[in-house]
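1. Sequence unavailable; structure follows:
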C-alpha cells in the first residue's frame, strides 16, 4: 500500500520520534539528574557533617505549612541577587535544603521570603500574627488561622505550636554551622572569581531587617518630623502599642510580655532609636531596619510625644519634678543597691553583671523615666513575661515607694521638655 | 510530495470546496462529517459527557480562583473554615483547571476528532465510560476533596496527593489506549499534525507527570526543585500546549474548509516544540543555586522556543487568511484568538526567562498574569473552540449561538483586563522590591491591581456561564443547522497531510 516516498516519510518520522524521546531524556539528564549530582557534591563538600533534623513538632509544623500552601506566598529560596540578599540575607546554598522533602521553594512572593525567618520573631508574635495577621500588620493580606487556636492568640493549639516550631527552624542549619561552617563552605566552593556564588558568603547571616539584636549599635538618627512620625506610628506601631501609646492595640492581646505602655515613659531619643533599630530581643518588638533613617527618626519624635510629660500638659510640662526628701532618697538608694544593682547596674543603665544572662535585657533607667505609678506597679507586680519579678516579698512598702522614687532620678538623658 | 509552503499554498483550490475531492482516497472519504457514516464513527455520548464535565469543573475551579482573588482584598473571608483557606483553594484552583476543565475538554474533543483523524472509532466505548468515571470521580473529585481537607503536596502543578496522581497516570494510560491505536493502525506517514500532537501530548505527559510529582518527594531540596522546574514547564509544554495545538490545527482547516498553509511547517513546529519544551524547565529557578550551566541551557532553550512558536503561529495565521481577525465561525473564533494569545504568551515567556527581565519579574504577579494568559488565554480558548466545534456537529446537541458569541466576547475582555493588570502589577512589585522600601509597601501598592483582577473575574465568570448555556440551551441540532446554513457540506480532505495524500494516491493509483 505504501510507496517508496511513504516509506521514507515513515522512516523520517520514526527518527524524529526517537529524537523526541531522546530530547525528553536529555532534559531529564541535563536539567534534572546532572544538577542533582552537582548539588549533591556541593552539599557534601560545603555542608557540615551533621545537620540537625527537624524535631517531631517542627516536622508536624512543616506538614501544616505545606498543607496550607504557605509556600505559595512565601518563598524559601533567597536568589543570588543583590536585592534578595539585602532583604533576606545570604542566598540559599544547596546543603541548607538537604532535608527538605519535598522542597518548599515556591514561585510567588506575596509575603517576604522565609528562608531565614527563624529567630526573627518571637513565638508570641508568631501566635498573634497567625491568629490575626492584621492585628499586627494592618496592611497584611495574609490569611488568618484562628482555627489553630482555642479562641485567643495566647491559647495556641498543638498545630499552632508545631507551625511556629517549624518557622523557628528556618535558616537554623546555616546559623548553627557558624562562622567555621561559613569558612568551610567558602573554601569548598573554591569559587573566588564567581561573583554570584560569593554573594552567598557576604555579610552576616542574621542580617534580617526585623531580627532583634542585643547589641545597641543604632546609627545616628537625623532630626525627625513629628507629623510624618505620627502617620507612621498609626500604621506600624499602634497595632500593638495602641493609638495613644497605652499598650492596648489590637495586637497586644496575645503578646507576652505585653507591649510597653509608651504613655507611661519619657524616653531619651537614643533609647527609642535603639529599640527601633535593634528591636527588643526576647520580646515581640522586632527591629525596623527596613525603614529609612528619616522615617525611624520621625517615629522617635512621635513616640517621645506620647510620653507623660508631653501629654499631661501643665503639671509635668517642664519635665522637672520637685526634689525628694533626703531620707527617702537614701532609703531608695540603699534598697536599690541591695536588690536592683545586679541587673540594672549601679548607674541604672542596665549593665549589671547578671543582666547579660537574662532572656530580656534589663531596662536602661538612665534613658527612660517611667511615671511613679508605673514604677510602683512594676515593683509590686513585676513585668509578666520578663525576668522582672514582683518585689513585694523582698521590699517593705516604704522601701518599695522609696526605690520607685529613686529610680526615677537615675534618668540622665536630655532634659524632658516639650518635644514639639 | 510537496513539502514547501509555497507550493502547497499555490496549489490550493481557492473556489471549490470540493476541489481536492478527486484526490481523496476511499479510506478518507467517509471522514466527511456531513455524511451519516462519518458521524457514526464519533461517540457523541462521550463527547457530551466530557464536555459537560469540563464546563462544570471549569465553573467550580473558576469559583475557587475568584474566591482566592477576593481573599487578597478581604483576607478574613472564610478564615474560620479550613477548606476555604487561601492555600487550599489555590491548590484546588490550578489542579481543577488543568485536569478538570482542560482534561475533560481535551477528551471531549478527542472523541470528536480522533475518529475523523484515524478513520476508525476509538478503541472502546466501554473503556471510554470507565475513563470518564475514573478521571472525574476517582481523580478530580477526590483530588479536590483531599486537597481541601489538607491532604496534598506543596508542588506547583502537582498539588494533588500521590494517591490521586496514581489515578491520573492510570487515566492518561487509558486515554493512550483509547485514542492512540488508530494512529498507529493508520501509519505514521499519513498522520495529520493534530494526530501527532495528541500522540506526543499523551505519551510525554505519561512520562513527565510521574517525574514531577514523585521525584521531589524523594530528592531533597534544590535537587528536587530542579525536577519540579522541569515538570512545571512540562505540564504546560507537554500536556496543555500539544493538546491545545491539536485542537487549533484541527479546527482551523475544518472550519475554514481550506487545508493548513503548510504541512511541512506544521511538522517542523511540532518536532521543535517537543525537542525544546522539556529543556525549558530550569528557567523557573533562575539565580538559584541550581548549576548556572543548567540555568543557561534553559534560558537559551526558552529563546529558541519563542522562535519556534513564531514559526508555528505564522503557519496558523496564514491558514486563517480570509477568515478575518474575528472569524464568523464560533469555534474558529475561539481558536483564532487562542492562537494570538499563544503567540503573545510564548514571546512573553521567552523574554521573561532572560536574566535581565527575570530578576525583576520573577516571583511577581507578572508571572501570575503569564500563567493566566497561557492557561486561560491560549489553552482555554483552544479548548472552548474545540468544544464548540465538536458540539456544533452533534446532531442532537443543544446549541445557542448567541450565548456562545457572548461567551467569546466576555472571556476575551476578561483575559485582556486580567493579564494586562497583573503584568503591570508585577512590574510595580518588581521595581519596589529593588528599592529599600519595606516589604509591605509592595503589598499596599498591589491592592488596586488586585481589585481590578477580581473585577476581571466578573466578565470571565459570566463568559464561562455563557459558554455552558451555549452548549446546554437553544434548540437541538441548531449547531449542525448553523454549519449547513453557512457553507454547506464540509469535506475532511484538508485534514490530510497533502504530501501523505499524494503518496497514498500515487501508490494506490486512485
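-> That came in fine, so what should we check first? Worth saying up front: this structure is predicted, and the values here are computed from it rather than measured. Residues are numbered from 1 along each chain as shown, chains lettered A, B, ... in the order given.

2. so residue B:240 makes contact with residue B:99?
-> No. Using Cβ atoms under 8 Å, residue B:240 is not in contact with residue B:99; the gap is 10.6 Å. Bear in mind the C-beta positions are built from the backbone N, C-alpha and C, glycine included.

3. Tell me how far the helix or strand where residue A:5 lies lies from the chain's centre.
-> Residue A:5 belongs to helix A:4-28 when elements are defined using DSSP states H and E. Averaging C-alpha positions (Cα atoms, centre = their mean, to the nearest Å) puts helix A:4-28 57 Å from its chain's average.

4. next one: stretch B:181-189
-> Mean-position distance between stretch B:181-189 and its chain equals 23 Å (Cα atoms, centre = their mean).

5. does chain A sit close to it?
-> Yes. Stretch B:181-189 lies within reach of chain A by Cβ under 8 Å from any Cβ of the partner chain, at B:187, B:188, B:189.

6. Spell out whether the helix or strand hosting residue B:147 and chain A are in contact.
-> Counting by DSSP H and E, the element that carries residue B:147 is helix B:141-149. No. No part of helix B:141-149 sits close enough to chain A to count as contact by Cβ under 8 Å from any Cβ; the gap is at least 9.0 Å.

7. on contacts alone, who are the packing partners of that helix?
-> If you count contacts as 3 or more Cβ pairs under 8 Å, 6 or more residues apart in numbering or on different chains; DSSP states H and E, helix B:141-149 packs onto helix B:86-95, helix B:162-179.

8. tell me the mean pLDDT for the first one?
-> It refers to helix B:86-95. For helix B:86-95, the mean pLDDT works out to 96.

9. now do stretch B:45-64
-> For stretch B:45-64, the per-residue pLDDT averages 96.

10. Look at residue 13 and report its pLDDT.
-> Picking chain A for this. Residue A:13 carries a pLDDT score of 80 in this model.

11. Wait, chain B was what I had in mind.
-> On pLDDT, residue B:13 comes in at 36.

12. what angle sits between whichever helix or strand comes after the helix holding residue A:5 and helix A:4-28?
-> As assigned by DSSP H and E, the chain's next helix or strand after helix A:4-28 is helix A:34-46. Comparing the axes of helix A:34-46 and helix A:4-28 via axes from the mean of the first three to the mean of the last three Cα atoms, to 10 degrees yields an angle of 20 degrees.

13. just for chain A, where's the confidence low?
-> Counting by pLDDT under 70, chain A shows low-confidence ranges at A:1-3, A:216, A:311-322, A:417-420.

14. Show me the strands in it, by range?
-> Residue ranges of the strands in chain A, as given by DSSP state E, are A:265-267, A:368-370.

15. If you count contacts, what does the first one end up packed against?
-> Counting contacts by 3+ Cβ pairs under 8 Å, 6+ apart, strand A:265-267 packs against helix A:293-304, helix A:308-311, strand A:368-370.

16. In a markdown table, list these along with mean neighbour count.
-> A markdown table is the format used below for the helices and strands packed on strand A:265-267 (neighbours: other Cβ atoms under 10 Å in any protein chain shown):
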| stretch | mean neighbour count |
| --- | --- |
| helix A:293-304 | 23 |
| helix A:308-311 | 19 |
| strand A:368-370 | 24 |
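
17. Can you give me the neighbour number for residue 189?
-> Here I'm looking at chain A. Counted with other Cβ atoms under 10 Å in any protein chain shown, residues neighbouring residue A:189 total 17.

18. Actually, chain B is the one I wanted.
-> There are 22 residues near residue B:189, going by other Cβ under 10 Å.

19. With residue B:415 instead?
-> Once other Cβ under 10 Å is used to define contacts, residue B:415 is seen to have 24 neighbours.

20. ok, now how distant is it from residue B:430?
-> According to Cβ to Cβ, to the nearest Å, residue B:415 stands 22 Å off from residue B:430.

21. got a list of what residue B:87 touches?
-> When contacts are counted by Cβ atoms under 8 Å, 6 or more residues apart in numbering or on different chains, residue B:87 touches A:67, A:68, A:69, A:70, A:72, A:73, A:143.

22. Which residue is the nearest non-sequential neighbour of the fourth one?
-> Counting by Cβ to Cβ, 6 or more residues apart in numbering or on different chains, residue A:70 lies nearest to residue B:87, which is 6.5 Å off, once chain neighbours are set aside.

23. contacting residues around residue 237?
-> Answering for chain A, as no chain was given. Shown in contact with residue A:237 (Cβ under 8 Å, 6+ apart): A:249, A:299, A:302, A:303.

24. please go with chain B instead
-> With Cβ under 8 Å, 6+ apart, residue B:237 has these contacts: B:273, B:277, B:278, B:280.

25. any idea of the pLDDT on it?
-> Residue B:237 carries a pLDDT score of 92 in this model.

26. before we move on, back to that, and the helices and strands packed on strand A:265-267: which comes nearest chain B?
-> In terms of Cβ to the nearest Cβ, the element of the helices and strands packed on strand A:265-267 nearest to chain B is helix A:293-304, at 8.9 Å.
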